[in-house]
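A.B. asks: how would this look folded up:
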Amino acid sequence: MSEQMTQSPSPRSRTRWLRQLWRLPTGRFGLIIVAVVTVVAIVSIFWTPFDPKAIDLDARWAPPSFPHILGTDGTGRDILSLVMAGARTTMFVAIGSGIIASIVGIALASIGALTPRWARESMAVLIDILIAFPVLLIAMMISSVWGGSLWVVIWSVGIGFGVSIARVTRPELRRVLHSDFILAARASGLSGTQILARHLMPNVAPVFIVQLSWSMAVAVLAEAGLSYLGYGASPTEPSWGVLLANLQAYIAVHPLAVLWPGLAITITVLGLNLLGDALREATDPTLSHGRDPLHPPRASIRHVPEVIS
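C.D. replies: This is a model prediction of the structure:
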């Protein structure tokens, strides 16, 4: 019996992760949830059943019925319209904080992995110091200077989780940096930036994608929590956190009114978390190949000596 060898993924197999992602139950659920929230956010830009800011005192606290499918709040505003408009705010915060977290995480991780030893060690200490600052504290520090707004949430989550991404990604970059193909790339004359873009980042992409998805999930929670506390969206902006803050005083009298924004936050965060886990399993060959009989997991690949009778 010949020795079974692993093969490097071909360009065709790199695109197979999309099909693998859809085959995973967690990936399918996460994709559907994220797609639904994205579509609702886009649709709310052009259309909502009612104006989210329109006040109708004659329809205040209407139960779920037509035309107010999810009912109304204490000022007669349609809750479905408020939830749809809040999805737009949520996606804006999630995408914005994800972009900032990516920039901060990649920059800190690159400095902590590709620079001389004294710079690497200094960056590792700085990351450990910065990670001790919670997102809420960062948001309060930023809002004390520029006031509360959605940008406070975006920058606080982006900086806070960017440091977390750097802490997780840095050792992975150091591990890949000592591989033979990195030595070959250096010998071929590639610069540090080219090595980072062509070899290092693709190899740490599974870890980075999971952290990025978690950062977007944290952004959804942070937007709701900070807006609830008054550090995020203003009372006039449609936001799930602001809606919860306005309705929580009536939870004993009108529990359904509080249920809808809370349910939207829970499902969105769950979808983003499950999507991140599924993306990691679909893009990491050590995990995805375990489901493919032609590519067994690395733990099961071992040399079996040939028996000659």
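A.B. asks: Tell me which residue lies nearest the centroid of this structure.
C.D. replies: A centroid search over the chain (Cα atoms, centre = their mean) returns Ser213, at 2.3 Å, as the residue closest to the centre.
A.B. asks: Can you read off the pLDDT for it?
C.D. replies: With respect to pLDDT, Ser213 has a value of 82.
A.B. asks: Verify the contact between it and Gly271 for me.
C.D. replies: No - in this structure, Ser213 is not within contact of Gly271 by Cβ atoms under 8 Å, at 9.7 Å. All C-beta spots, glycine's among them, are computed from the backbone N, C-alpha and C.
A.B. asks: How much space separates the residue nearest to the centre of the chain from Ser81?
C.D. replies: 29 Å (Cβ to Cβ, to the nearest Å).
A.B. asks: Can you pull out the low-pLDDT segments for the stretch 151-300 of the chain?
C.D. replies: 283-300 (pLDDT under 70).
A.B. asks: which residue packs closest to Ile251, ignoring adjacent ones?
C.D. replies: In this structure, Ile251 finds its nearest non-sequential neighbour in Val258, 4.7 Å apart by Cβ to Cβ, 6 or more residues apart in numbering.
A.B. asks: whoops, I mixed them up, Gly27
C.D. replies: Nearest to Gly27 is Ala278, by Cβ to Cβ, 6+ apart, at 3.1 Å.
A.B. asks: Now do the same for the residue nearest to Thr72 when sequence neighbours are not counted: helix, strand or coil?
C.D. replies: The shortest distance from Thr72 to any non-neighbouring residue, by Cβ to Cβ, 6+ apart, is to Ala62 (4.4 Å). Three-state call for Ala62 (DSSP: H, G, I helix; E, B strand; the rest coil): coil.
A.B. asks: correct me, but Ala62 touches Ile69?
C.D. replies: No - contact criterion Cβ under 8 Å: Ala62 and Ile69 do not qualify, at 10.4 Å.
A.B. asks: More neighbours: these two, which one.
C.D. replies: Each of Ala62 and Ile69 has its neighbours counted (other Cβ atoms under 10 Å); Ala62 has more, 18 against 13.
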